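*Asks:* Mind folding the following:
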Amino acid sequence: MKLQIKTLSPIHIGNGEKYNGLSYIGDNGEIRFYDSAKILENITSQYSKRFMEWVEQKSFEVERLEKQKRNERDDQKRKNINYDLRNVQRKLSLKEFSENVIRDSIIRGKFSKNFLYTIDSKTQVYDNVDIDCFIKQNNKPYIPGTEIKGAIRTCAIYNLLQKDKYWKWLKQEIEHFKRRHESDLQQVPDKKGKWVNDIKKKLVDSNGYKRNCFELIKITMRNMTF
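*Replies:* Predicted structure coming up:
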């Protein structure tokens with residue numbers, strides 16, 4: 001049986017990385033993303049040294065103000081320092097450099113043409129905020145098969161639990177587990193590993209096969225379009 005699944009709500013699956021203001025430019029409802037190679041291609045050797053010096057200078061200002069903020073005890077002075085800090089952080093962005101440091105209009109125009117990829121933005125994105133990175137292959141986002149299996153499993157379990165007999169069974173199992181491990185529940189740090197092993201034993205029958213029908217589901221990606 002083959003299924004074609006359509007998402008009904010926004011999805012984000014992060015890869016643990018973040019884009020800071022030096023990795024993207026938000027403009028006119030879209031966000032353009034760059035890596036260091038694309039940035040250097042755009043600014044050329046004429047501005048590469050200036051770019052590095054500019055980043056170093058702004059980073060130094062951020063570090064100085066953060067240290068000053070940590071050491072300040074006066075609330076009003078801390079607020080003033082925090083205000084200055086946010087202004088410096090806001091200016092530490094690729095958009096700030098391309099629009100206000102680079103004077104050559106031809107070089108500035110390269111940033112609107114030479115980038116890794118773009119995404120549409122339905123809300124305003126400030127140029128100094130961190131953006132969580134979506135998991136990708138070759139700069140194209142995708143949903144891992146394990147995530148799709150998990151979604152199908154959740155749907156199947158939800159559908160089963162709408163029936164009284166399965167809900168009652170689950171409730172009885174949870175109450176039985178609680179009674180059986182009542183003393184262990186009071187010693188969380190020491191007994192946690194034991195609980196995991198007990199649960200695993202319940203999921204494996206005497207022949208060593210997992211009672212998990214979802215292991216039979218195969219997820220493939222063909223002709224992906226974005």
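*Asks:* contacts and neighbour counts: CA atoms only from here.
*Replies:* OK.
*Asks:* Quick check: residue 62 is in a strand.
*Replies:* No: assignment of residue 62 by DSSP: H, G, I helix; E, B strand; the rest coil gives helix, placing it outside any strand.
*Asks:* Pretty sure it sits against residue 88.
*Replies:* Yes: in this structure, residue 62 is within contact of residue 88 by C-alpha atoms under 8 Å, at 6.5 Å.
*Asks:* mind checking which helix or strand of this structure has the lowest mean pLDDT?
*Replies:* Counting by mean pLDDT, DSSP states H and E, the weakest-scoring helix or strand in the chain turns out to be helix 188-203, with a mean of 55.
*Asks:* What separation is there between residue 51 and residue 3?
*Replies:* 50 Å (C-alpha to C-alpha, to the nearest Å).
*Asks:* ok, the two, which is more surrounded?
*Replies:* residue 51 (20 against 6; other C-alpha atoms under 10 Å).
*Asks:* Backbone dihedrals for the more buried one, both of them.
*Replies:* Per-residue torsions, residue 51: phi -60, psi -50 (degrees, to the nearest 10).
*Asks:* what pLDDT does it get?
*Replies:* We have a pLDDT of 90 for residue 51.
*Asks:* List the contacts of it.
*Replies:* residue 97 (C-alpha atoms under 8 Å, 6 or more residues apart in numbering).
*Asks:* So residue 17 belongs to a strand, correct?
*Replies:* Yes: using three-state DSSP, the assignment for residue 17 is a strand.
*Asks:* Neighbours of it, how many?
*Replies:* 12.
*Asks:* measure it to residue 27 for me?
*Replies:* Noted for residue 17: a distance of 22 Å to residue 27, by C-alpha to C-alpha.
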